[in-house]
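1. Got a predicted structure plus its sequence, pasted below:
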Amino acid sequence: MKNIDQAPWWVKVVYANVSRRKVACWLTIVCAVFTLYCFPWSRYSDAPLVAQIFVFDDWEWFLSMLPMTIWYWVALIWIDRHGSW
């Protein structure tokens, strides 16, 4: 990022070592995919394959990943609007 000094602290924390928008988008997408993976799908399906693929059966991981994904996404929007790439 070019102007990280002008960014709020919550943007600096997320993208302090990210220098390109492509990397920031990739980080946000991977975080969103992992958040969806952490959803306890095995609670809502009786298929054994679902229980083998989706190993999370409680809400703990999903509820910890969801705010982080939103944080990455909102910080990316802030950087895009303020032209800091």
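-> Right, received. Where do you want to start?

2. Quick check: which element contains the nearest residue to residue 39 once chain neighbours are set aside?
-> Spatial nearest neighbour of residue 39, excluding adjacent residues (Cβ to Cβ, 6 or more residues apart in numbering): residue 62 at 5.1 Å. All C-beta spots, glycine's among them, are computed from the backbone N, C-alpha and C. Residue 62 belongs to helix 60-82 when assigned by DSSP states H and E.

3. List the contacts of that helix.
-> 1, 3, 6-8, 10-11, 14-15, 21, 24-25, 27-28, 31-32, 34-35, 38-40, 56, 85 (Cβ atoms under 8 Å, 6 or more residues apart in numbering).

4. Low-confidence regions, this structure specifically.
-> Residues of the chain meeting the criterion pLDDT under 70: 1-3.

5. let's see it at 90
-> Low-confidence segments of the chain (pLDDT under 90): 1-7, 12, 15-19, 42, 45-46, 48, 51, 55-57, 82-85.

6. where do the helices sit along it?
-> Secondary structure of the chain, counting by DSSP state H: helices at 9-15, 21-38, 48-53, 60-82.

7. I'd like these as CSV, with mean neighbour count appended.
-> Shown next, in CSV, are these (neighbours: other Cβ atoms under 10 Å):
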stretch, mean neighbour count
helix 9-15, 16
helix 21-38, 15
helix 48-53, 11
helix 60-82, 15
